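Undergrad: Need the 3D shape of this:
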Amino acid sequence: MKKTYLLFKNLLVLATLTLCIISCGSTKESLTISSDEEKAFKQVQGDTITIASDKTDYEIIIIEPGFNVWLNSVAKPEGYYSQNFLENRNYIMVLEWNNRVMQPARFNPNLYELQINYTNQIDYGYEVNYKLYNYFIYFQRKYNQRLGPFVPRI
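TA: Sure thing, here's the model as predicted:
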């Protein structure tokens, strides 16, 4: 009788501990997509954005339907983020992007086609960093991807 009681008590403690551990797990935030953002995602005509800096010889060409509309109607305006913030976030997301390009069997090669040559040793200027950052936000929200440890918010 005493062994049965002890076994039952141990099982009860183990079950309680397991429930506590499971309930402490983190929850994933779901993205809320506004109607303006949804409209931008559904743009059909070709959108080509050239991101270039007057100070440097670097440019990025983005061919993504809806991005230009989204950038002008949904994204935070230029000046909202500091250049340091944009550079730090871009560096993290470029690393993950390039990692996914190198693994076409694991990640959709239609989404991750080309590597991005971006280093934190070069000052690309505010405009390049601003538009690249916003493209990453647009991309993550449109295709339900996560390129970093943070939720892609507007």
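Undergrad: CA only for contacts and neighbour counts going forward, please
TA: Will do.
Undergrad: surely residue 75 meets residue 154?
TA: Yes. Applying CA atoms under 8 Å, one finds residue 75 in contact with residue 154, separated by 6.1 Å.
Undergrad: more crowded one of these two?
TA: Each of residue 75 and residue 154 has its neighbours counted (other CA atoms under 10 Å); residue 75 has more, 20 against 11.
Undergrad: how close does that one get to residue 152?
TA: Using CA to CA, to the nearest Å, residue 75 is found at 11 Å from residue 152.
Undergrad: Find residues that contact each of the two.
TA: Common neighbours of residue 75 and residue 152 (criterion: CA atoms under 8 Å, 6 or more residues apart in numbering): none identified.
Undergrad: hey, where'd the helices end up in this structure?
TA: 2-23, 35-41, 67-73, 83-101, 126-143 (DSSP state H).
Undergrad: And the last one, what does it pack against?
TA: On a contact count with 3 or more CA pairs under 8 Å, 6 or more residues apart in numbering; DSSP states H and E, helix 126-143 meets strand 48-52, helix 67-73, helix 83-101.
Undergrad: which residues touch the last one?
TA: Which is helix 83-101. 106-107, 109, 112-116, 118-120, 125-126, 129-130, 132-133, 136, 147-148.
Undergrad: In PyMOL, select just the buried ones from those residues.
TA: A single PyMOL command selects the buried members of the contacts of helix 83-101 (16 or more other CA atoms under 10 Å):
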select buried, resi 112+125+126+129+130+132+133+136+147+148
